[in-house]
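Peer 1: Sequence first, then the predicted structure, then my questions.
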Amino acid sequence: MTEKIIHNMIIIGSGPAGLAAALYASRANLEPLVFTGMLLGGQVAQTHSVENYPGFPEGIGGLELVDAFKQQAERFGTRIEFDHVTNIDFSERPYKVTTYNGDHYAKTLVLTTGANPRKLDIPGEEEFTGRGVSYCGTCDGHFFTGKDVLVVGGGDSAMEEGLFLTRYATSVTVVHRREELRAGKLLQERAFNNPKVNFIWDTEIKDITGNGVVEKVTLHNRKSGEESERETEGVFIFIGHIPNTELYEGQVEMDDLGYLVVDKYMQTNIPGVYAAGEVADSHFRQVITSAGMGAAAAMQAIHFLEAQAD
Ligand code: NAP
């Protein structure tokens with residue numbers, strides 16, 4: 001029978017929070033094991049350019065930053081496995097983490113599973129995802145070269161991604177449900193000043209239709225009640241995120257919005273289990289804040305293990 005290996009720390013997720021936790025834990029010789037999930041680097045890996053992470057005055061590509069995080073964590077003994085966690089048993093220590101490859105055990109866990117794009121939940125959205133409906137301008141923008149696209153949402157993501165899409169699209173029309181953007185002033189200004197970006201205010205998309213690929217949407221003006229159709233080949237949706245917490249349901253405490261609840265030490269309600277990054281943060285959602293939370297979680301886990309050893 002193979003011996004049951006008990007790791008000091010398993011980190012679930014490989015975005016900035018997970019890889020920063022891995023860096024700190026590995027530098028403390030904990031030899032952490034990271035399960036990447038479906039996408040190494042998480043959302044930042046799909047970001048064209050990160051301009052607000054300190055140390056890179058000219059900005060840095062999302063993938064490049066993830067690769068640097070990964071290399072730095074591995075240099076100190078982090079093991080990164082391209083595997084997906086399917087279940088966690090939080091009922092006894094060591095905690096059992098089940099992945100596609102089998103069962104794994106750890107004295108501490110750092111949960112950094114991030115968040116996924118929120119859906120509009122309208123007819124046609126699911127059917128046309130990947131056929132004109134997208135949640136990632138950086139990933140899909142080049143498919144829309146020379147086309148007219150719509151962007152849904154009025155926040156920073158919608159403006160940032162909309163501006164990115166102007167590299168490819170002939171025009172980018174932002175459909176926003178109010179008459180005022182939520183995005184920060186700088187991004188608003190950039191969007192208003194870009195001749196390729198137009199706005200349709202007080203409006204929601206009711207449905208998306210087409211024949212194999214997106215051809216048109218029905219718009220509903222919330223003030224006048226008027227409905228109209230608009231032809232487009234692309235609908236990019238940036239209306240916020242939903243935390244990835246299915247693995248923790250009924251076991252780890254969550255808030256009303258479904259985010260994991262942590263104290264100022266990144267500690268969840270379960271001893272030795274920490275959470276960091278967007279799965280536990282609906283507010284800041286930045287690479288730097290997620291990385292900071294990850295580092296803090298690992299530091300606290302190190303203290304926890306030291307106290308257990310006494
Ligand atoms: P967000 O700030 O929550 O904005 C979501 C937008 O989608 C809002 O304009 C909202 O409208 C709209 N919306 C929500 N549900 C909708 C629905 N069902 N139908 C139509 N519209 C809907 O989300 P985000 O833009 O993803 O940003 C999240 C966080 O990340 C923010 O804190 C943001 O500052 C940060 N962020 C920062 C940067 C940056 O600094 N460069 C870049 C990206 C994100 P209402 O305005 O009417 O609520």
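Peer 2: On my side now, so go ahead.
Peer 1: Up against the ligand, what does the stretch 51-200 of the chain have?
Peer 2: The stretch 51-200 of the chain comes close to the ligand at residues 52, 120, 152-158, 160, 177-178, 182, as judged by C-beta under 6 Å from any ligand atom. No exception for glycine: its C-beta is placed from N, CA and C like everyone else's.
Peer 1: now with 5 Å?
Peer 2: 153-157, 160, 177-178, 182 (C-beta under 5 Å from any ligand atom).
Peer 1: Can you lay out those residues as TSV showing neighbour count and secondary structure?
Peer 2: Below are these laid out as TSV (neighbours: other C-beta atoms under 10 Å; DSSP: H, G, I helix; E, B strand; the rest coil):
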residue	neighbour count	secondary structure
153	25	coil
154	24	coil
155	16	coil
156	17	helix
157	24	helix
160	22	helix
177	15	coil
178	12	coil
182	15	coil
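Peer 1: Quick one: the helices in the stretch 101-250 of the chain, in order.
Peer 2: Applying DSSP state H, counting those that start in this stretch to the stretch 101-250 of the chain gives helices spanning 137-140, 156-165, 185-193.
Peer 1: for those helices, which one ends up most surrounded?
Peer 2: Mean neighbour count, computed with mean count of other C-beta atoms under 10 Å, is highest for helix 156-165 among these, reaching a mean of 23.
Peer 1: CA atoms of that one as CSV?
Peer 2: Presented in CSV, the C-alpha positions along helix 156-165 are these (Å, rounded to 0.1, in the frame of the first residue of the first chain):
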residue,chain,number,x,y,z
ASP,A,156,-14.0,49.4,-15.0
SER,A,157,-14.0,46.0,-16.7
ALA,A,158,-16.5,47.1,-19.4
MET,A,159,-14.5,50.2,-20.2
GLU,A,160,-11.1,48.6,-20.1
GLU,A,161,-12.1,45.6,-22.2
GLY,A,162,-14.2,47.9,-24.5
LEU,A,163,-11.2,50.1,-25.1
PHE,A,164,-9.1,47.0,-25.8
LEU,A,165,-11.6,45.8,-28.4
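Peer 1: Show me what that helix is packed up against.
Peer 2: With contacts taken as 3 or more C-beta pairs under 8 Å, 6 or more residues apart in numbering; DSSP states H and E, helix 156-165 sits against helix 137-140, strand 148-152, strand 171-175, helix 185-193, strand 234-237.
Peer 1: Could you dump these into CSV and include mean pLDDT?
Peer 2: CSV is the format used below for these (pLDDT from 0 to 100):
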stretch, mean pLDDT
helix 137-140, 82
strand 148-152, 98
strand 171-175, 98
helix 185-193, 97
strand 234-237, 98
